[in-house]
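Undergrad: I'll drop the sequence and a predicted model, then ask my questions.
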Amino acid sequence: MSEENSNNGGRFAKNKQISKLLEFYDRNYKKLLIIPMVILILSIGVISYKYAATGDFVEKDISLKGGITITIPSKDIDADSLKIYLSSEFPGSDISVRTLTKLGEKTGVTISASDIGSKELLNSLKTKLGNLDYGVEEMGSSLGKSFFKETFIAILFAFLFMAIIVFFYFRQPIPSLAIMLSAFSNMVVTLAVINLMGVKLSTAGVAAFLMLIGYSVDTNILLSTKVLKRRGGEVIDRIVSGMKTGLAMTSTTVIAVAIAYIFSQSAALSQIMLILIIGLLMDILSTWVQNAGILRLYLERRTKNE
């Protein structure tokens with residue numbers, strides 16, 4: 001192993017900083033495997049605590065748990081003072097007030113509330129604001145729960161069918177399981193992060209998680225194809241080759257998604273972009289540290305047995 005490491009200086013010598021980083025990764029990949037595993041365990045702990053404390057593993061917004069959304073197209077309403085007023089009027093309810101903007105200019109506010117009747121909320125708003133134009137949208141709790149349940153089942157089936165396809169493509173159980181573990185880790189860690197950030201998951205956020213599954217599996221298949229299907233060269237060389245392509249893909253996607261998040265005026269789109277940013281950054285760790293380390297250990301042991 002020491003002879004292999006001594007040769008890495010020449011192999012990675014195109015850029016000094018990158019060369020040192022890759023040499024460190026080459027020498028310590030087994031130790032580095034501990035990091036994503038610890039993060040996964042901590043994330044499961046965060047989600048478990050959330051479930052024990054609230055009865056649900058993620059905080060849902062109106063679109064998933066049901067409630068009322070009222071839009072008021074007025075530039076003169078202060079969102080913070082309105083939220084304070086409504087919270088004092090309905091102390092047991094979940095209320096959020098957001099400012100609506102278009103091209104940087106304020107266009108109105110939107111109020112989302114659960115566990116309140118629409119008439120009660122409108123009467124309270126009219127008392128505070130007078131007779132303005134109110135757009136009311138109501139989501140039944142049964143509809144939101146049904147959508148969430150069906151989406152959760154869809155995610156489980158997505159994992160199941162992806163596992164089958166990955167197994168048939170590689171025909172090797174351990175690399176196939178490593179891909180699915182990486183995708184699972186990415187989802188769980190992202191969910192834990194949005195819980196810590198206090199993000200209320202919406203139907204748009206659920207769609208972002210479905211997108212994240214596909215992206216995570218895509219980068220892991222890229223890595224596994226480079227390492228398992230290609231012949232010639234050391235395993236680390238094949239990992240680095242896949243890493244160059246994968247990190248270039250992830251970097252360009254993160255930049256595009258970050259720009260969309262910064263300039264988006266839509267709450268739904270902002271949540272999609274936020275979840276994708278977190279998930280894409282976590283995917284770097286789960287793919288190029290966790291999965292790459294597992295694949296390397298697997299190939300080393302297989303070579304010894306042969």
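TA: Now that the structure is in, tell me what you want to look at.
Undergrad: Quick one: the strands in the protein, in order.
TA: 67-72, 94-102, 105-114, 135-139 (DSSP state E).
Undergrad: so where is this structure shaky, pLDDT-wise?
TA: Within the chain, the stretches with pLDDT under 70 are 1-15, 103-104, 139-145, 232-233, 305-306.
Undergrad: Where do the helices of this protein begin and end?
TA: Assigned helices in the chain, in chain order: 2-11, 16-32, 34-54, 62-65, 79-89, 118-129, 141-170, 173-197, 203-224, 235-263, 267-285, 292-305 (criterion: DSSP state H).
Undergrad: Tabulate those in TSV, adding columns for distance to Glu105.
TA: Yep, even glycine has a C-beta here, placed from its N, CA and C like the rest. Output for these, formatted as TSV (distance: least, Cβ to Cβ, whole Å):
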stretch	distance to Glu105
helix 2-11	55
helix 16-32	45
helix 34-54	37
helix 62-65	25
helix 79-89	15
helix 118-129	20
helix 141-170	32
helix 173-197	27
helix 203-224	23
helix 235-263	14
helix 267-285	17
helix 292-305	48
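Undergrad: Which one, of these, ends up nearest to Lys106?
TA: With Cβ to Cβ as the criterion, Lys106 lies closest to helix 79-89 of the helices of the chain, at 9.3 Å.
Undergrad: Give me the distance between the residue lying closest to Lys102 once chain neighbours are set aside and Leu196.
TA: Spatial nearest neighbour of Lys102, chain neighbours left out: Gln265 (6.0 Å); criterion: Cβ to Cβ, 6 or more residues apart in numbering. Gln265 sits at a distance of 26 Å from Leu196 (criterion: Cβ to Cβ, to the nearest Å).
Undergrad: ok, now Ser241?
TA: Taken as Cβ to Cβ, the span from Ser241 to Leu196 is 35 Å.
Undergrad: Also Leu42?
TA: To Leu196, Leu42 is 10 Å away according to Cβ to Cβ.
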